[in-house]
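Asker: With the input below, show me the fold.
(one chain, ligands or ions: 1)
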Amino acid sequence: MSTSVRTTCAYCGVGCGILATPTGARSASIAGDPDHPANRGKLCSKGTHLGETIGLEGRLLTPMIGQRRASWDKALDLVARRFRDTIAQHGPGSVAFYVSGQLLTEDYYVANKLMKGFIGSANIDTNSRLCMASAVAGHNRAFGEDIVAASYDDLDAADLIVLVGSNTAWCHPIVYQRIRARCAAGAKLVVIDPRRTETADEADLHLAIRPGTDVALMNGLLAWCREAGVIDDVYLAAHVATPENFWDRVGEGSDLWSVARICDVPPQDLRRFFELFAAHPRTVTMFSQGVNQSLSGTDQVNAITNLHLATGRIGKPGAAPFSITGQPNAMGGREVGGLASSLAAHMDFTPDNIARVGRFWAAPNMATKAGLKAVDLFRELGHGRIKAIWVMATNPAVSMPDAGRVREALAACPFVVVSDVIAETDTSLHAHVRLPATAWGEKDGTVTNSDRTVSRQRAFLPPPGEAQPDWWIVTQVARRMGWKTAFAYDRAADIWREHCRLSTYENGGAGSPGGRLFALPGHAAAGNAAYDAMAPFRWGGAPFADGRFPTADGRARLVSVAQKPVAAPLANWPMTLNTGRYRDHWHSMTRTGLSPKLARHREEPLVEIHPDDAARLGIVDRGLARVITPQGDSVFRASVVATQRAGDLFVPIHWTDHTARGGRAGLLPRPLADSVSGQPGFKLTPARIEPV
Ligand code: SF4
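Answerer: Numbering: from 1, shown residues only. From the prediction side, this is the model:
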């Protein structure tokens, strides 16, 4: 009889623990792990049906050079040679890696080390840039380090939970169940979202704000708190640095009537929200892509952190701002420095940090500055300045904004490598070399979820065909490029231990000169058996509980942020397009598309439109409609629903050329990004719609 293997869900940042029990060569029964702190035995529909997605349909099982099978040696030699030659001819800035929150921490670590310490460029960015880069930038500005201030336990202690730009019921269902349980015990729920989502339907209060007006809303609330005497002056004086004129700037145009007008919500609803916030010191403000995927995403994050710092609602049970991440290992990627703007182990590109990491890695070619963030990276690819790119475990030809241009850039690039579990994706169509990677259920390593719980993903299936773990593929290329000793890992545990050692290397912790909160002491010396048996753990305990933040003076920062003017609709583009997820699908559906039960929830991509707009434009429910933006157009089936704000459209992100002839959301957003974080602004695309 097979025994269960403890692992972690392949999908969202909730990071639920799973008990997987093999039931055949390529089948397993899936159950929630009752001992995992993130889910306590529960699973949502996506996690429950993981067992239907572990077959070999569509898998890439051998290395491919062009359309021909190749040996691993031949494929790896070619990748190493082409990268080495490109660097020799054009410099380290002429190559790039584009990686993924689907990678395990160990995979991420070696890819980051190869690019930043050995190739000598920081041109490694990740699809996590599309997900939470603004939260990272906001945390760095407010706290001095990318530290998440909350845990799921805070939801159990909160009296008020505010969800901003998050359809939690669909996108993070197990966290939502926890929120509902807390609400059943008396907590209040406020949802701030332009759409009346399933989450908003169940809230005590829903503010359907005009898209892009979150800063005005939060500044208005902060000004209200000041008037109402809710500011914690003692906490501010002891723990927070306040910029000059901060309060004057917050107060400008922040009276309730002005804010109601800017946000386009009834003043009485706004007042109710403000009163609820003022009355409940134990408040968790949870935010997601509606905040992060905006051209002012970092400011929106800081408008939220300002509120919590100014009212002393941080570092205490039930009181914190909380960024909930989209992907299973977005946080692990942040920890190893898998963003072009980070170095490693929560360090950024200061001379001290560059020298410290260089010493630790014994690195011959340390990157000396941040690299190209995703939008810029693909723009440079299109301009021909990136001449070799390696895409790992992601599909930018679908998921990047202006995906049509991304596809053209990939097609024109002299050398494209794709390592993936899937044989044919919109991106791998342009690959010169495809490398087969092991998938969920076959690979071993760690992931970090939204509340910084580190969990093991464990293999319970043998690798199919010639598939190999991503960390193995990267290290084989690194060795062939000449760095044998630095990449002499035998197993994922070796990489984990090195990552832990780096996190504590010359790191005296918060409060010491140059000290950081991120550290994994106790794991650096753990043997293979301890790694194999590792139970989920949260690193960092309760940051800021002692009131010290990882800044030079130990103080957090209020950050002056102002609402950007809300642009009037343009004549040709009178509507605003937002994108998002469906409950039972994930990314470009390479996994969820394999489950008939999941497919039933939404069988095709719909454009949601308000009945008034539909009537005016001659669009009928279930008829076809073309959504057009300055970047491109795509056809969707119309869903005429009053849950949509008049003037707004919503489309899902999941469909690709492989799954549908239309419904290509990626073709529509502009390749514009938040100026601080570099996160693309998927949420406010000027658009129009017409019947087909
Ligand atoms: Fe998986 Fe997220 Fe569902 Fe948990 S909530 S089972 S992590 S998809």
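Asker: max-length helix in this structure?
Answerer: The single longest helix within the chain, with elements called by DSSP state H, is helix 72-90.
Asker: Counting neighbours, what do you get for the residue nearest to residue 288 when sequence neighbours are not counted?
Answerer: Spatial nearest neighbour of residue 288, excluding adjacent residues (Cβ to Cβ, 6 or more residues apart in numbering): residue 166 at 3.6 Å. Quick note: C-beta positions are derived from backbone N, CA and C, even for glycine. The tally of other residues near residue 166 (other Cβ atoms under 10 Å) stands at 27.
Asker: contacting residues around the longest helix of the chain?
Answerer: For helix 72-90, the external contacting residues (Cβ atoms under 8 Å, 6 or more residues apart in numbering) are 63-65, 70, 94-95, 119-120, 387-388, 390, 414-415, 417, 433, 435, 466, 468, 473, 476-477, 480-482.
Asker: contacting residues around the residue in the stretch 251-400 of the chain positioned nearest to the ligand?
Answerer: Closest to the ligand within the stretch 251-400 of the chain is residue 328: 6.9 Å, counting by Cβ to the nearest ligand atom. Taking Cβ under 8 Å, 6+ apart, we find residue 328 in contact with 8, 9, 10, 11, 12, 13, 15, 101, 102, 447, 449.
Asker: Just to be sure, it is in a strand?
Answerer: No. Under the criterion used here (DSSP: H, G, I helix; E, B strand; the rest coil), residue 328 is coil, not part of a strand.
Asker: Can you select the buried ones from the contacts of helix 72-90 in PyMOL?
Answerer: Buried subset of those, written as a PyMOL selection, criterion 16 or more other Cβ atoms under 10 Å:
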select buried, resi 63+64+65+70+94+95+119+120+387+388+390+415+417+433+435+468+473+476+477+480+481
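Asker: Mind checking which of the contacts of helix 72-90 land in strands?
Answerer: When DSSP state E is applied, those are split such that 64, 65, 95, 388, 390, 415, 417, 433, 435 fall in strands.
Asker: and the first one, how far is that from residue 436?
Answerer: Read it as residue 64. The gap separating residue 64 from residue 436 is 8 Å, by Cβ to Cβ, to the nearest Å.
Asker: Kindly report the same for residue 68.
Answerer: Residue 68 sits 14 Å away from residue 436, taking Cβ to Cβ as the criterion.
Asker: do the same with residue 428
Answerer: For residue 428, the distance to residue 436 - Cβ to Cβ - is 11 Å.
Asker: shared neighbours, these two?
Answerer: Common contacts of residue 428 and residue 436 (Cβ under 8 Å, 6+ apart): 60, 420.
Asker: tell me the phi and psi of residue 680?
Answerer: Here the main-chain torsion angles of residue 680 (degrees, to the nearest 10) amount to phi -60, psi 150.
Asker: May I have the beta-bridge partners of it?
Answerer: Bridge pairing for residue 680 (DSSP bridges) gives the partners residue 673.
Asker: That one: what's it in contact with?
Answerer: 129, 130, 293, 374, 375, 400, 401, 669, 671, 672, 673.
Asker: Tell me, how many residues neighbour residue 570?
Answerer: 11.
Asker: Wait, it touches residue 686, no?
Answerer: Yes. Between residue 570 and residue 686 there is a contact under Cβ atoms under 8 Å: 5.7 Å.
Asker: Report the closest residue of the stretch 501-650 of the chain relative to the ligand.
Answerer: Nearest to the ligand, among the residues of the stretch 501-650 of the chain, is residue 586, at 7.5 Å (Cβ to the nearest ligand atom).
Asker: Skip the chain neighbours and tell me the closest residue to that residue.
Answerer: residue 592 (4.7 Å).
Asker: and the one you found, backbone torsions?
Answerer: In terms of degrees, to the nearest 10, the main-chain angles of residue 592 are phi -60, psi -30.
Asker: can you check the one 10 residues further on too?
Answerer: For residue 602, the backbone dihedrals (degrees, to the nearest 10) come out as phi -140, psi 110.
Asker: Let me see the contact set for it.
Answerer: 582, 583, 584, 585, 652.
Asker: Check the secondary structure at residue 61 for me.
Answerer: Put simply, residue 61 is coil when judged by three-state DSSP.
Asker: which ones are touching it?
Answerer: By Cβ under 8 Å, 6+ apart, the contact set of residue 61 is 423, 436, 464, 465, 466, 467.
Asker: Next one: the closest residue to residue 361 other than its chain neighbours from the ligand, what distance?
Answerer: Leaving aside its sequence neighbours, residue 361 sits nearest to residue 117 (Cβ to Cβ, 6+ apart; 4.3 Å). The gap separating residue 117 from the ligand is 32 Å, by Cβ to the nearest ligand atom, to the nearest Å.
Asker: Number of residues surrounding residue 117?
Answerer: By other Cβ under 10 Å, the residues close to residue 117 number 24.
Asker: Surely it touches residue 359?
Answerer: No. The pair residue 117 / residue 359 is not scored as a contact, 10.6 Å apart, by Cβ under 8 Å.
Asker: ok, which pair from the ones in strands among the contacts of helix 72-90 is furthest apart?
Answerer: 64 and 95 (20.7 Å; Cβ to Cβ).
Asker: who in this protein is up against the ligand?
Answerer: 9, 11-12, 14-16, 39, 43-44, 46-47, 172-174 (Cβ under 6 Å from any ligand atom).
Asker: Adding secondary structure, pLDDT and neighbour count, write these out as CSV.
Answerer: What follows is the residues of the chain next to the ligand, written out as CSV (DSSP: H, G, I helix; E, B strand; the rest coil; pLDDT from 0 to 100; neighbours: other Cβ atoms under 10 Å):
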residue, secondary structure, pLDDT, neighbour count
9, coil, 96, 30
11, coil, 94, 24
12, coil, 92, 26
14, coil, 95, 30
15, coil, 96, 30
16, coil, 97, 26
39, coil, 97, 27
43, coil, 98, 22
44, coil, 96, 25
46, helix, 95, 23
47, helix, 96, 24
172, coil, 96, 26
173, helix, 97, 23
174, helix, 97, 22
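Asker: In terms of distance to residue 31, which of those residues ranks first?
Answerer: The closest of these to residue 31 turns out to be residue 43 (Cβ to Cβ; 7.4 Å).
Asker: got the domain boundaries for the chain?
Answerer: Taking automatic domain parsing as the domain assignment, the ranges for the chain are 5-53, 64-128+339-489, 132-326+553-557, 575-691.
Asker: start to end distance for the first one?
Answerer: I take that to be domain 5-53. 17 Å (Cα to Cα, to the nearest Å).
Asker: now do the third one
Answerer: End-to-end distance of domain 132-326+553-557 (Cα to Cα): 20 Å.
Asker: Distance from the chain centre to stretch 452-469, please.
Answerer: Centroid displacement of stretch 452-469 relative to its chain, using Cα atoms, centre = their mean, to the nearest Å, is 21 Å.
Asker: Distance-wise, check the nearest residue to residue 252 once chain neighbours are set aside relative to residue 300.
Answerer: The shortest distance from residue 252 to any non-neighbouring residue, by Cβ to Cβ, 6+ apart, is to residue 562 (7.5 Å). Relative to residue 300, residue 562 is positioned 12 Å away (Cβ to Cβ).
Asker: related to what we said a few turns ago, what about the contacts of residue 602, which one has the most neighbours?
Answerer: Of all the contacts of residue 602, the highest neighbour tally under other Cβ under 10 Å goes to residue 585, namely 25 neighbours.
Asker: circling back to that earlier point, dump the contacts of residue 602 to CSV, plus secondary structure, distance to residue 306 and pLDDT.
Answerer: Putting these into CSV (DSSP: H, G, I helix; E, B strand; the rest coil; distance: Cβ to Cβ, whole Å; pLDDT from 0 to 100) gives the following:
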residue, secondary structure, distance to residue 306, pLDDT
582, coil, 33, 90
583, coil, 32, 89
584, coil, 36, 87
585, coil, 35, 89
652, strand, 33, 92
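Asker: contacting residues for the closest residue to the ligand within the chain?
Answerer: For the chain and the ligand, the shortest gap (Cβ to the nearest ligand atom) falls at residue 47, measuring 2.5 Å. By Cβ under 8 Å, 6+ apart, the contact list for residue 47 reads 9, 11, 16, 18, 30, 32, 174.
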